[in-house]
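1. Take this sequence and fold it.
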Amino acid sequence: MEFDQIKELIKLIQKSKISEFRYEDEKAKFSIRTKAYSANKEVIMQPTMVPSMPMNVAPQQQPQQQNALPQEQVVNTALANDKQAAKEEENANYIEVKSPMVGTFYRSPSPEKGPFVKVGDIIELDDTICLIEAMKLFNEVKAEVSGKIVKMMVEDASPVEYDQVLFLVEPI
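-> Prediction:
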């Protein structure tokens, strides 16, 4: 392509809505980009590391209106925290029997039979207290402590997680 032809091509591209033109043959290879090319080019944001704030610099104070909770919500939150603390204190005297695996909790060996244990029952070490079904296998959960069942923490036939509390036991 001759120089005069290239100049003519540039004029045509400027008049059109083309933002980029590429040309290639055996003798030459070039591309022409207009101002619209950089305006239309998609900007890709790269994640950047933000330096942490030095320890001796105090954080800026936000206006109190933005951070303030409604009085009712503050009271409800305080009541919920008090109830949770009272519940934890009440349960502190009991031993937690936890699930040894993930699965489905069953209180009885079959639907026709009664539960292994119920609230108020006295259990001995190595008594079967429930079943946990995992991958179509029923696993017996044995008591690791002697005591009185005070509370059942899981409903029958409900899913349980590893280390989830199943029973609260009062040691004897």
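
2. burial count for residue 107?
-> Using other Cβ atoms under 10 Å, the number of residues around residue 107 comes to 19. Backbone N, C-alpha and C define where each C-beta goes, glycine included.

3. residues contacting it?
-> Residues in contact with residue 107 (Cβ atoms under 8 Å, 6 or more residues apart in numbering) are 115, 116, 117, 118, 130, 152, 156.

4. now residue 126
-> Neighbouring residues of residue 126 by Cβ under 8 Å, 6+ apart: 142, 143.

5. one more time with 6 Å
-> Neighbour list for residue 126: residue 142 [criterion: Cβ atoms under 6 Å, 6 or more residues apart in numbering].

6. If I look at residue 25, what pLDDT would I see?
-> Residue 25 carries a pLDDT value of 83.

7. Could you count how many residues lie near it?
-> 7.

8. sorry, back to before: out of the contacts of residue 107, which sit inside strands?
-> Of the positions in the contacts of residue 107, 130, 152 sit in strands, assigned by DSSP state E.
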